[in-house]
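**Student:** Generate coordinates for the sequence data below:
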Amino acid sequence: MSANSPSGQSSERGIGAAGAATITAVLLMIVFAGVFAFLRHNHESVKFDTPYQAVLLTNGSVYFGKLENYGTKHPLLRDVYYVQTSVNQETKQATNVLVKRGKELHAPDRMYLNANQIVFVEPVGADSKVAQLIAESKAKGQ
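**Tutor:** Residues are numbered from 1 along each chain as shown. Predicted coordinates for the structure are as follows:
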């Protein structure tokens, strides 16, 4: 049952054009804020708490370096090292050596990676063998 005003009209009213415009504006602001937050979150890079990271690529290669802009389309790896394995043909014993990139013919000083080719990233522990070998390499000026 609706209550009638003294003029005989119902007191129930719609929100009107001004109210609808206000609600629409508020909803649009909420949608834009959500889209902005989503896009900003997707373009923030991940921060690491160790100086070096191990990066495994889909082709099986593992590189150690200082990874920047992880979480973006093209992360950057600086101060790059990799493990080179050689086998002594006489003893058949394998030897692993940590090699600093940059000695190749094109003398690369960084690697731009395709994020789709990264399988995983792990921190290189401060007390790990890799961290020790990197420190030794730097001490020798390599």
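**Student:** Let's verify the residue nearest to Tyr82 when sequence neighbours are not counted: helix, strand, or coil?
**Tutor:** Closest residue to Tyr82 apart from its sequence neighbours, by Cβ to Cβ, 6 or more residues apart in numbering: Tyr63 at 5.3 Å. No exception for glycine: its C-beta is placed from N, CA and C like everyone else's. What DSSP: H, G, I helix; E, B strand; the rest coil gives for Tyr63 is strand.
**Student:** Run a quick neighbour tally on Tyr63.
**Tutor:** For Tyr63, the neighbour count with other Cβ atoms under 10 Å is 18.
**Student:** Please tell me how far Pro75 sits from Ala33.
**Tutor:** 28 Å (Cβ to Cβ, to the nearest Å).
**Student:** Hmm, the residue nearest to Tyr82 is touching Asp79, no?
**Tutor:** No - between Tyr63 and Asp79 there is no contact under Cβ atoms under 8 Å: 10.4 Å.
**Student:** hey, which helix is longest across this structure?
**Tutor:** helix 16-43 (DSSP state H).
**Student:** Return the list of strands paired to the longest strand along the chain, each annotated with direction.
**Tutor:** In the chain, with assignment by DSSP state E, the single longest strand is strand 76-87. Sheet pairing of strand 76-87 (DSSP bridges) gives strand 62-68 (antiparallel), strand 94-100 (antiparallel), strand 110-112 (antiparallel).
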